[in-house]
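Chemist: have a look at this prediction, sequence included:
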Amino acid sequence: MESLFIQATEETPAVDYNIETGVFKLTGRSLPENAIDFYAPILAWSEQLLSESEPQPYIFEFFFEYFNTASSKQIVKMLLMMEKFIDKHTLIVRWMYEPEDTDMLNMGEQYSKILKLPFELIEKSIDTL
């Protein structure tokens with residue numbers, strides 16, 4: 001399976017799913033015109049990897065400046081899909097947020113409460129990426 005890279009745009013986040021490192025990053029703004037179409041290949045890639053690979057650790061990093069409601073639904077869909085594989089792989093979700101972004105911190109806290117995935121809430125400046 002090959003890594004998945006998608007360049008960021010004004011409306012979509014950068015996708016850096018590096019198969020060699022086992023670290024999969026979504027970074028930036030997410031307000032695509034059609035969130036289902038944008039996230040479908042990312043979800044399919046993630047599910048294929050988790051279902052076909054040997055048990056191992058994977059880190060999924062989410063660092064959004066902003067995401068709209070349609071993107072939020074796709075993010076939840078991805079997290080729920082990942083949850084199906086917690087008995088097979090060591091999965092960690094790193095939910096990063098900027099120091100003053102209480103909305104993004106609150107979203108991470110909400111997701112961590114409703115899911116069985118291990119969450120790390122990390123305060124970080126997006127400028128340091």
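Modeler: Structure received.

Chemist: let me know the secondary structure of the residue most central in space within the chain.
Modeler: With distances taken as C-alpha atoms, centre = their mean, the residue of the chain nearest its centroid is residue 62 (4.3 Å). Per DSSP: H, G, I helix; E, B strand; the rest coil, the secondary structure class of residue 62 is strand.

Chemist: got a list of what it touches?
Modeler: Neighbour list for residue 62: 25-26, 75, 93-96, 108 [criterion: C-beta atoms under 8 Å, 6 or more residues apart in numbering]. Quick note: C-beta positions are derived from backbone N, CA and C, even for glycine.

Chemist: residue 26 against residue 63, yeah?
Modeler: Yes: look at residue 26 against residue 63 with C-beta atoms under 8 Å: they come within range, at 7.3 Å.

Chemist: give me the more crowded residue out of these two.
Modeler: residue 26 (24 against 20; other C-beta atoms under 10 Å).

Chemist: tell me the pLDDT at the more buried one?
Modeler: pLDDT, residue 26: 97.

Chemist: dig out what it forms beta bridges with.
Modeler: Residues in a beta bridge with residue 26, per DSSP bridges, are residue 15, residue 62.

Chemist: show the contacting residues for it.
Modeler: Residue 26 touches 13-15, 42, 60-64, counting by C-beta under 8 Å, 6+ apart.

Chemist: roughly how far does it sit from residue 55?
Modeler: If you measure residue 26 against residue 55 using C-beta to C-beta, to the nearest Å, the figure is 23 Å.

Chemist: buried residues in the longest helix along the chain?
Modeler: Longest helix of the chain, by residue count under DSSP state H: helix 35-52. By 16 or more other C-beta atoms under 10 Å, the buried positions in helix 35-52 come out as 35, 38-39, 42, 45-46, 49-50.

Chemist: cool, and stretch 60-70?
Modeler: Applying 16+ other C-beta under 10 Å to stretch 60-70 flags 60-64, 67, 70 as buried.
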